Structures are given as structure tokens and as C-alpha cells.
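Asker: mind folding the following:
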Amino acid sequence: MAQKKILVVDDEIILVEFIKMRLEANGYGVITANDGVDGLLKAEEARPDLIILDISMARMDGYTMLKRIRQNEKIKSTRVIMLTASGKRKGCLRRKALATILSNHLMLRIFSHGWKRF
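Answerer: Numbering: from 1, shown residues only. The predicted model follows:
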């Protein structure tokens, strides 16, 4: 079976490297980007199986990137995990994420007990 590819898009370099290390240790191929603009280009090019996407980033935030993913025929069915380190306004963030997504794929995962293959 081909190795699953995951795109990690976040402007926190240390977090990106941590997530990348954990995913690679579990057999996934990992592509990284540090903002939504670069992330969208890499998503179109690599066509990952999953995108882990930060909400708050410069140049293009996660909500905008997700909207553009869903409008792009090549990658619109890609699964996406929305990720944020912000503890502020959790309810507001959830409502905005749900309103933005309105698609077949919303995955939430807490990174505490290892990785589950998808």
C-alpha cells in the first residue's frame, strides 16, 4: 500500500516540526508549509490524503485556505483537521469553523494517545 501523505500548515515552526516528527515516526509522508498561500500551492501540487491546518496564520488564514480547498476540484474532497493553539473564544472558533467547512469532512483529534491510522 502507498504511503499516506499529510500536509501540515502552520506558522509555528516548532509545532510543525513536532507534528512532522510524530507522523513520520508512524509511517506517514509529511509535507509542510508555513502559511496558507504556500499551503494551498503544496496541496494542489502534492494532493495529500489529509491536511492539518492552523486557523491563525499570516498571508492566508486557515478559514480562507479551507474555503479555497473546497472550491478546488482537484483537492476539494481532501480531509482537513483544523488546528489552533488559541484557547480564546473557543465557541466562536468552533462556530466559524463549522460554518466555513459545511462539507463531508470535519475531523477533530486530540494529540495525546498516539496516532490512529485513517
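
Asker: so, low pLDDT: which residues of this structure?
Answerer: The chain contains residues with pLDDT under 70 at 85-118.

Asker: pick out the residue nearest the middle of it.
Answerer: Nearest residue to the geometric centre of the chain (C-alpha atoms, centre = their mean): Ile52, 1.9 Å.

Asker: which strands or helices does the helix or strand where that one lies pack on?
Answerer: For Ile52, the element it lies in under DSSP states H and E is strand 50-54. Packing partners of strand 50-54 (3 or more C-beta pairs under 8 Å, 6 or more residues apart in numbering; DSSP states H and E): strand 5-9, helix 36-46, helix 62-71, strand 79-83. Backbone N, C-alpha and C define where each C-beta goes, glycine included.

Asker: could you dump those into TSV with distance to Phe18 and mean neighbour count added?
Answerer: Supplementary listing: these in TSV, determined by distance: least, C-beta to C-beta, whole Å; neighbours: other C-beta atoms under 10 Å:
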stretch	distance to Phe18	mean neighbour count
strand 5-9	10	24
helix 36-46	17	18
helix 62-71	18	19
strand 79-83	12	20
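
Asker: any chance of the ones you listed in CSV, plus distance to Val30?
Answerer: Shown next, in CSV, are the helices and strands packed on strand 50-54 (distance: least, C-beta to C-beta, whole Å):
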stretch, distance to Val30
strand 5-9, 5
helix 36-46, 10
helix 62-71, 18
strand 79-83, 14
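
Asker: nearest to Leu23, of these?
Answerer: Among the helices and strands packed on strand 50-54, the nearest to Leu23 by C-beta to C-beta is strand 5-9 (5.6 Å).
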